[in-house]
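**Q** Sharing a model prediction with you, sequence too.
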Protein chains: 2
Amino acid sequence: MSTAHVNRTSSYQYQPSGNSYKIRPAAAILNIKISLKEYDLLKGESRTPHFLSNISANGSVPILQIGSDTFLPESGAALYYLATGSALIPTDRLHHAEMLRWIFFEQYQIEPNLGSLRFWSRVMGLENVDEAKKSQVESKRQAGETALGIMEQHLASRPYFVGEKFSLADVALYAYTHVCGQAGFDLSQWPSVKAWCERVAQQPGYVLIHDEVWA
Amino acid sequence: MSTAHVNRTSSYQYQPSGNSYKIRPAAAILNIKISLKEYDLLKGESRTPHFLSNISANGSVPILQIGSDTFLPESGAALYYLATGSALIPTDRLHHAEMLRWIFFEQYQIEPNLGSLRFWSRVMGLENVDEAKKSQVESKRQAGETALGIMEQHLASRPYFVGEKFSLADVALYAYTHVCGQAGFDLSQWPSVKAWCERVAQQPGYVLIHDEVWA
């Protein structure tokens, strides 16, 4: 796959974040060299006046820097930019829309549930979160189980999410799913999801999430 | 724009929902005739055993039905499917990724804040929501204001979200934004967003959201 068009690409990351993580296996699979710039969310490094004014008003990572002055927020958009024209994006119209469907599903039903519970559990300690967060733990747990159930049902008869082939949908969904144990979910309850995680981990571009900093 | 490839397209909708609404102006602009099938979320019609087994395990609308047996959830994926090959989707690689960026932003920062507050305010009454929801009202209000501020900053120097042209990003963002007054936001605080809403309403395909059922 050609990488000439993505020269001088950097990613502003917080490496333990699942959203940031997605960029790294995608770049590895695509053989795109990106330089990583670490921004520690716990220290508010993505919310400094400089970051908000010059990099992204969203105050979030990952950001894909393209050339010297273009900054692209949203992990799904960054993945798509990197993978444009590659085999990670189906060309069939319906498969393409289904790939997007699963990336949206991930941002709406996986990340806010598995991702938040993982962050609250690993970094803050569930017993230490404020009352507003505490009142959401049970609904996020249920919504996360529902989401994993939808994935389980879909994967029971398919090796990957779209068109029998590994795609960006798998890259996006893998990030928080494979570490859902850190959020209090037991992956053995969803055996097809567990087997899919193992298939994804065998992809040539597989790289670890690097969250040892939380250990 | 050709519509031959999207014959026999239906959308399962709940018309007052902003996510469902997006499909209708997109189809109108693209001159695609879709038949609408109404599912009342308030009556749980998208969560019946039949819906969950045969239409979508997500239990949500909108769903785009393509042909007789393909059902596509996620409004962003449905919009992309409908608009594939049209002028609503930029062909430039960066503009395309920026369009996706704003559609993801909408699902992550607008819909869960403006959309939830609108639903809680209009349908349930803010004073009647349960304690878990009540504890989120203020954080959703703040997150919604932040999101509108990001839109304001972006639109201060541009007519539309991406590449100076009306795109799917505008269709997606308009849905909950133009009725944010129903969620307790005052659009006059974000004059560039307000002016953009007026520009969008002048598009040839503009159709109303139809939420009179809540009146």
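**A** Nice, I can see it.

**Q** Name the SS class of A:Lys37, please.
**A** Using DSSP: H, G, I helix; E, B strand; the rest coil, the structure places A:Lys37 in strand.

**Q** ugh, wrong one, A:Ser56
**A** coil.

**Q** Excluding chain neighbours, what is closest to the residue located most distally from the centre of chain A?
**A** Note on chain A: the largest separation between a C-alpha and the mean C-alpha position, by Cα atoms, centre = their mean, falls on A:Glu131 (27.1 Å). Nearest non-adjacent residue to A:Glu131, counting by Cβ to Cβ, 6 or more residues apart in numbering or on different chains: B:Ser135, 6.3 Å away. C-betas here are computed from N, CA, C, even on glycine.

**Q** ok, residues contacting the one helix or strand that neighbour maps to?
**A** Using DSSP states H and E, B:Ser135 falls within helix B:131-155. Here helix B:131-155 makes contact (Cβ atoms under 8 Å, 6 or more residues apart in numbering or on different chains) with A:57-58, A:131-132, A:135-136, A:139, B:105, B:109-110, B:112-114, B:116-117, B:120, B:126, B:129, B:161, B:173, B:177, B:180, B:183-185, B:189-193, B:195-196.

**Q** burial of the nearest residue to A:Pro62 once chain neighbours are set aside, as a residue count?
**A** Excluding its sequence neighbours, the residue lying closest to A:Pro62 (Cβ to Cβ, 6+ apart) is A:Ser20, at 4.4 Å. Neighbourhood size, A:Ser20 [other Cβ atoms under 10 Å in any protein chain shown]: 26.

**Q** Could you tell me which ranges of chain A sit under the pLDDT cut-off?
**A** A:1-7, A:215 (pLDDT under 70).

**Q** List, one by one, the residues from it near chain B.
**A** Contacts of chain A with chain B, taken as Cβ under 8 Å from any Cβ of the partner chain, map to A:5, A:57-58, A:66, A:70, A:72-78, A:80-81, A:84, A:93-94, A:96-98, A:100-101, A:104-105, A:107-109, A:112, A:131-132, A:135-136, A:139, A:149-150, A:153-154.

**Q** could you redo the last one with a cut-off of 6 Å?
**A** Within reach of chain B by Cβ under 6 Å from any Cβ of the partner chain, chain A has these residues: A:57, A:72, A:74, A:76-77, A:80-81, A:84, A:93, A:97, A:100-101, A:104, A:107-108, A:132, A:135, A:150, A:153.

**Q** Filter these down to the ones in helices?
**A** Of the residues of chain A next to chain B, the ones assigned to helices by DSSP state H are A:76-77, A:80-81, A:93, A:97, A:100-101, A:104, A:132, A:150, A:153.
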